[in-house]
Structure formats: structure tokens, C-alpha cells
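Novice: attaching a predicted model along with its sequence, questions to come.
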Amino acid sequence: MVNPARIASYAQSQLQRVKTDKADAKLIALFGQRHADELQPWQPEPPVRRRLRALVRRYEELKELYRMESNRLDTAEMSVKESILSVMAHLERQIEQALKEIRKQIDDDDDLRGQRDLLVSIDGISDKTAALLLAELGDVSRFDSARAVVAFAGLNPRLQESGDHKGQVRISRIGSASLRAGLYMPAMSAMTYNKAVRALRNRLEQKGKTGKQIICAAMRKLLHIAYGVLKSGQPFKAELALPST
């Protein structure tokens, strides 16, 4: 298994000028031959995980559609407002139905239910966020470390500098956009109600970090904590996540 972005970058490095099925197949074969020691064997994902991911992603799509219709309503002419309100009402019912199916999917599976209960023990993570984490991360045993989970979400810091030029540290964004978007509000909440994340926020504020940098750090901290409770099978304890003094 290889991130498609690596193949695309490899094609650019080889100055590939032709884009055909035959050329792509040759390029992928060459990449696999040269990087055989880095390749991971594909493992079929359990159907329950695939169904949960499909439900969670559909739920997010429905919320986005509702937001778009709500924005249209603000500036719409009276002649179309009734139509927009009708669509919004239908979307509300669909969103609620998707939530029920997500809860049922998790409740009916012992492993998912247990992992959901571990995740919601973390201050800042709700049932909805727990469902998103379970759907997008899959089986956390496939990650070697919490840093790998952060990289999967595209939240790992990326520094660009050359010679005397010192670039800003930004997140890589090479990863799950759904996870990044879904962790924003939980991180905001955790900075207030989660002792470990609040302590992190205070330390970074004292160092003069910007608000965006602090939020990204809080999102990474939540992922570290989520990985920890899922790997250990133990509920969240703030004192264990606080830095030692």
C-alpha cells in the first residue's frame, strides 16, 4: 500500500510526460521495485469498519449540504425561500437518520462500542468525534506510534528553510482532511475543559505562539491521547497526559 501522492511525486521526479494506463502501470511497477522494502501488504478491512466510514462520511456530506442551503437562505429571493426551507427540512431528517445509523453501527459491535467508550472518556471528544476517529483511523494497531497517527491526519509540522531563509512551520496537510476538519472544534473545547490540552495551550501562549499554531498543537495532542487510550485499552486520565515536572 502506497499513498497515491508518493506515486504522483515520483512521476514528476521521473519527468513523465505521457499519462496513459500503460505508462502509469510501468511507473508504479518501477516504484515498487525500487522501494520494495518500504511497501506494506494490503489487508482487507473488516466490513463493519467500511460501513462505519461510509456512514460517517455521508453524515459529514449531509451537514455540508445543509450548511450550503442555509447560506443560500440568507440572500435568497422570497420566490425560492420555500424551496430552500423544504430541502433543509429534508436534510435535517437525513442527518438525524445518519446519526442513528452511526450509533447503531457502533453499539452493535463489541469492539467499536468499547473503543467509542474509551474515546469519549477524553475531555473534548464527543460521540460524534469518536465516530469520526474510529471511521477514519480504522484499526490503530496499524500505526507504529502516535506520531504516525498525526502524520496520517496531515497535522505533522513541516518546516521549509534553505540557507539563510527561515520559513514558517506549517502543518503538512498530507493526510486525512476529514480528520483535520473534524478535530478543530473538539480541540477548541479541549483547550478549555481538558487539563492536559489546556496546559499545552498555556505553555504555547507563554512562548508567543499564534492562535492557529496553538489550535493545531491541540489537535495533535488530542490525537496523541486518542491513540494512547485505544492502544492501552484504558480510559483517559489527565494526570498521565500532563508533562512531568
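Specialist: Received, thanks.
Novice: per-residue confidence for the residue of the chain most remote from its centre?
Specialist: Most distant residue from the mean C-alpha position of the chain: Ser79, 39.7 Å away (C-alpha atoms, centre = their mean). Per-residue confidence for Ser79 comes out at a pLDDT of 91.
Novice: beyond the helix or strand it falls within, next helix or strand please.
Specialist: Using DSSP states H and E, Ser79 sits within helix 78-107. Per DSSP H and E, the first helix or strand lying C-terminal to helix 78-107 is helix 110-119.
Novice: got the buried residues for that next one?
Specialist: Buried residues in helix 110-119, counted by 16 or more other C-beta atoms under 10 Å: Leu112, Gln115, Arg116, Leu118, Leu119. C-betas here are computed from N, CA, C, even on glycine.
Novice: could I get the buried residue list for stretch 192-205?
Specialist: Result for stretch 192-205 [16+ other C-beta under 10 Å]: buried residues Asn194, Ala196, Val197, Arg198, Ala199, Leu200, Arg201, Leu204.
Novice: check the gap between the fifth one and Ala130 for me.
Specialist: Between Ala199 and Ala130 the distance, using C-beta to C-beta, to the nearest Å, works out to 23 Å.
Novice: name the nearest residue to the spatially most central residue of the chain, sequence neighbours excluded.
Specialist: Most central in the chain under C-alpha atoms, centre = their mean is Leu179, positioned 1.4 Å from the mean C-alpha point. Spatial nearest neighbour of Leu179, excluding adjacent residues (C-beta to C-beta, 6 or more residues apart in numbering): Ala153 at 4.1 Å.
Novice: so which of the buried residues of stretch 192-205 comes closest to Gln33?
Specialist: The closest of the buried residues of stretch 192-205 to Gln33 turns out to be Leu200 (C-beta to C-beta; 43.7 Å).
Novice: quick check: that closest one is in a helix.
Specialist: Yes. With DSSP: H, G, I helix; E, B strand; the rest coil as the criterion, Leu200 is assigned to a helix.
Novice: please, which helix or strand holds the residue nearest to the centre of the chain?
Specialist: Element membership of Leu179 [criterion: DSSP H and E] is helix 177-193.
Novice: got the phi and psi for Ile171?
Specialist: Per-residue torsions, Ile171: phi -80, psi 150 (degrees, to the nearest 10).
Novice: shouldn't it be in contact with Cys216?
Specialist: Yes. Contact criterion C-beta atoms under 8 Å: Ile171 and Cys216 qualify, at 5.5 Å.
Novice: shared neighbours, the two?
Specialist: Leu155 (C-beta atoms under 8 Å, 6 or more residues apart in numbering).
Novice: quick check: domain ranges of the chain?
Specialist: Annotated domains of the chain cover 47-108, 140-159+170-241 [automatic domain parsing].
Novice: these: lowest mean pLDDT?
Specialist: domain 140-159+170-241 (a mean of 90).
Novice: could you pull out the strands for the protein?
Specialist: 157-162, 165-171 (DSSP state E).
Novice: circling back: give the other helices and strands that the helix holding Ser79 contacts.
Specialist: Judged by 3 or more C-beta pairs under 8 Å, 6 or more residues apart in numbering; DSSP states H and E, the packing partners of helix 78-107 are helix 47-75, helix 110-119, helix 127-137.
Novice: that older thread, ok, now which ones touch the residue nearest to Leu179?
Specialist: Contacts of Ala153 were listed using C-beta under 8 Å, 6+ apart, and they are Gly175, Ser176, Leu179, Arg180, Leu183, Met219, Leu223.
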